[in-house]
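# Below are the sequence and a predicted model; questions follow.
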Amino acid sequence: MKVKEIMNKVVAIENNISLREAAKIMSNKNIGSLVILKNDNIAGIITERDIVDNASNLDKKVSSFIKGDIITIDEDESLETAATIMSKNKIKRLPVTKKGKLVGIITSTDILANSDEIDADFFID
């Protein structure tokens, strides 16, 4: 199974908005994370946890959560590849791209929900 078959819609924000604005967007859309864009390129991810951990400073810009290069996956990659990338990098969310542009997001929960589609040998060391 390919990533594009189970990826979710993604909501992206510009890097210059505040945590307060990001929290409002997450609440209105009933989602737990947002992809941060800088000049139309994927720059980072901000989560509910980031906002809770910084609740005393909601005027802080989301750009402060950009940490180096963001890891992405192409929509045509397999779920096994996505699971490997997430495991190796200890991440729970992976932006999905098509020709380098953001088209969705896949989470560890998505992969677990579709684990019957992953080759059983993948889980054996």
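Okay, I see it.

# wouldn't A82 be in contact with L112 here?
No. The pair A82 and L112 fails to qualify as a contact (Cβ atoms under 8 Å) at a distance of 11.5 Å. From N, CA and C alone the C-beta is placed, and that goes for glycine too.

# Between those two, which has more neighbouring residues?
Shown here are A82 and L112; by other Cβ atoms under 10 Å, A82 has more neighbours (26 against 10).

# OK, contacts around the more buried one?
A82 makes contact with 3, 73, 94, 106, 111 under the criterion Cβ atoms under 8 Å, 6 or more residues apart in numbering.

# Report the secondary structure state of the last one.
The three-state label for I111, taken from DSSP: H, G, I helix; E, B strand; the rest coil, comes out as helix.

# does the residue lying closest to it once chain neighbours are set aside belong to a helix or a strand, and which?
Sequence neighbours aside, A83 is the residue nearest to I111 in space, at 5.1 Å (criterion: Cβ to Cβ, 6 or more residues apart in numbering). Assigned by DSSP states H and E, A83 falls within helix 79-89.

# buried ones in that helix?
Of all the residues in helix 79-89, those buried under the rule 16 or more other Cβ atoms under 10 Å are 79-80, 82-83, 85-86.

# of all those, which comes closest to S56?
Nearest to S56 among the buried residues of helix 79-89: M86, at 30.4 Å, using Cβ to Cβ.

# pretty sure the closest one contacts L79?
No. When contacts are counted by Cβ under 8 Å, M86 is not listed as touching L79 (10.3 Å).

# I figured I17 hits V62, correct?
Yes. Contact status for I17 versus V62: in contact at 5.8 Å, counting by Cβ under 8 Å.

# Who has more neighbours out of those two?
The residue with more neighbours, out of I17 and V62, is V62; 24 against 17, by other Cβ under 10 Å.

# which residues does that one contact?
13, 15-19, 22, 34, 36, 44, 46.

# So which of those residues wins on neighbours?
For these, counting by other Cβ under 10 Å, the largest number of neighbours falls to L34: 27 neighbours.
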